[in-house]
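1. With the sequence up front, the predicted model follows.
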Amino acid sequence: MKKIYLVFLSFVLASSFIYSQGSAGEEAKYEYRSLVDMQTAGILEKGFVGVTNDVLPYGVVIAKLEVGVFTNVSFGISYGGSNIIGTGKVDWYKYPGVDFKVRLVNESAAFPALTLGFDSQGKGQYFDQEKRYAIKSPGFFAAASKNFGFLGYMSLHATLNYSLESTDGDNFTNLTVGAEKTIGPSVSLICEYNFAWDDNKQSGNFGKGNGYLNAGIRWAMGSGFTLGVDLRDLLDNKKLNPSSADRAIRMEYIKSIF
C-alpha cells in the first residue's frame with residue numbers, strides 16, 4: 001500500500017514541472033474540456049498531453065492524465081482516493097477512471113461543437129456498499145458547446161449523460177448546463193447546474209432533489225499553468241455532511257509532445 005501511495009504522490013508532484021498551456025482565459029476559448037464536474041464538447045488537441053490534479057474535501061486527491069491521440073479524439077485515465085491528505089489509512093478508489101471523447105462536429109458560426117464520450121471518474125469519497133461516488137461519474141455523455149464574443153468571451157455548455165453507477169436504483173438520464181465568462185486575458189469565471197435526475201431519489205442517502213449548483217474561477221498564471229478554485233453544492237443538496245459548500249482546488253497543465 002505504501003508503494004501505491006508513493007507512486008501516486010510522485011505522479012502528482014511530477015506534473016507540477018510539466019511545461020504547459022492552461023485552459024482559462026482568451027487563449028483557450030475553444031477548448032473548455034470541463035467546467036467543475038461537467039464534461040463539455042472541448043477536446044484535447046492531437047499531440048497534446050494534459051495533467052489535472054483535483055484536491056477536494058476529506059483528503060480526496062484525483063490525478064488525471066489525458067492525451068490527444070488523434071484529431072478530435074482524446075483518451076484519459078485517472079486515479080485517486082480519499083484521506084490522501086491527512087492522517088490515517090488512505091482509502092484508494094477501487095478502480096481507475098477512464099475518459100474517452102470523440103468530437104463529431106466542430107463549432108461554426110451557426111452551430112455548436114458536439115462531442116460524444118464516456119467518463120467513469122466520479123468525485124469525492126467512494127462508497128463500497130452503494131457502489132458509487134459522492135458525485136456520480138458522468139458515464140456515457142453527449143455534450144454541446146458554443147462560444148460567443150461578449151466583453152471578451154462567453155461559452156455556453158449543455159451535457160446529457162447516463163451514469164453506470166446505478167445500483168442505488170436512481171439511474172435516470174441526467175442533464176447539466178454551464179457557462180464560462182472570461183475576465184481579461186487570463187481569468188475565467190465558471191458556473192454549472194447539475195439537475196441530478198440520477199441522484200434525487202428521496203429514499204436514498206445522497207441528493208435531496210435540489211440538484212448541484214457549482215461555481216469556480218480559473219487563472220492562467222503563465223506558461224500555460226492554470227490554477228482553479230471551486231465551490232460545489234451551493235444549494236446544499238447533499239444529505240451526507242450538509243450545511244456548507246465544498247471547497248476544492250484544481251491544477252491543470254497541458255504540453256505538446258511534438
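-> The structure has been received and is ready for your questions. Numbers count the residues shown, from 1 in each chain.

2. now the strands: where do they sit in the stretch 51-200 of the chain?
-> For the stretch 51-200 of the chain, applying DSSP state E, counting those that start in this stretch gives strands covering 60-70, 73-82, 91-92, 97-105, 113-119, 123-127, 132-135, 139-149, 153-162, 174-183, 187-194.

3. closest to residue 239 out of those strands?
-> Nearest to residue 239 among the strands of the stretch 51-200 of the chain is strand 132-135 (10.3 Å), distances taken as C-beta to C-beta. Every residue, glycine included, has its C-beta placed from N, CA and C.

4. While we're on the closest residue to residue 237 other than its chain neighbours, how confident is the model there?
-> Nearest residue to residue 237, sequence neighbours excluded (C-beta to C-beta, 6 or more residues apart in numbering): residue 210, at 4.1 Å. Residue 210 carries a pLDDT value of 84.

5. do you know how far residue 210 is from residue 238?
-> As judged by C-beta to C-beta, to the nearest Å, residue 210 and residue 238 stand 9 Å apart.

6. try residue 214
-> Residue 214 is 12 Å from residue 238, where distance means C-beta to C-beta.

7. ok, now residue 157?
-> 23 Å.

8. who has more neighbours, these two?
-> Applying other C-beta atoms under 10 Å to residue 157 and residue 238 shows that residue 157 carries more neighbours, namely 26 against 23.

9. Bridge partners for the residue lying closest to residue 155 once chain neighbours are set aside, pull those for me.
-> Spatial nearest neighbour of residue 155, chain neighbours left out: residue 180 (4.5 Å); criterion: C-beta to C-beta, 6+ apart. Residues in a beta bridge with residue 180, per DSSP bridges, are residue 155, residue 190.

10. pLDDT at residue 204, what is it?
-> 62.

11. what's the answer for the one 10 residues further on, then?
-> At residue 214, the model reports a pLDDT of 96.

12. mind listing what it touches?
-> 35-37, 191-194, 230-234 (C-beta atoms under 8 Å, 6 or more residues apart in numbering).

13. separation between it and residue 235?
-> From residue 214 over to residue 235 (counting by C-beta to C-beta), the distance is 10 Å.

14. Which one of the contacts of residue 214 is nearest to residue 247?
-> When the contacts of residue 214 are compared against residue 247 (criterion: C-beta to C-beta), the nearest one is residue 231, at 6.2 Å.

15. What is the burial count for that closest one?
-> Neighbourhood size, residue 231 [other C-beta under 10 Å]: 17.

16. pretty sure residue 148 is touching residue 179, no?
-> No: using C-beta atoms under 8 Å, residue 148 is not in contact with residue 179; the gap is 10.1 Å.

17. Mutual contacts of those two, please.
-> Common contact partners of residue 148 and residue 179 (C-beta under 8 Å, 6+ apart): 154-156.

18. coming back round to it: neighbours of the residue nearest to residue 237, how many?
-> Other residues close to residue 210 by other C-beta under 10 Å number 15.

19. one step back: any quick ChimeraX command for the buried ones out of the contacts of residue 214?
-> The following ChimeraX line selects those of the contacts of residue 214 that are buried, judged by 16 or more other C-beta atoms under 10 Å:
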select :35,36,37,191,192,193,194,230,231,232,233,234
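
20. okay, stretch 227-239 in CSV with CA atoms only?
-> Provided in CSV are the C-alpha atoms of stretch 227-239 (Å, rounded to 0.1, in the frame of the first residue of the first chain):
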residue,chain,number,x,y,z
LEU,A,227,-5.0,27.2,-11.1
GLY,A,228,-8.6,26.9,-10.1
VAL,A,229,-10.7,27.2,-7.0
ASP,A,230,-14.2,25.5,-7.0
LEU,A,231,-17.3,25.6,-4.8
ARG,A,232,-19.6,22.6,-5.1
ASP,A,233,-23.2,22.2,-3.9
LEU,A,234,-24.1,25.8,-3.3
LEU,A,235,-27.8,24.7,-3.0
ASP,A,236,-26.9,22.3,-0.1
ASN,A,237,-28.3,19.3,-2.0
LYS,A,238,-26.2,16.6,-0.3
LYS,A,239,-27.6,14.7,2.6
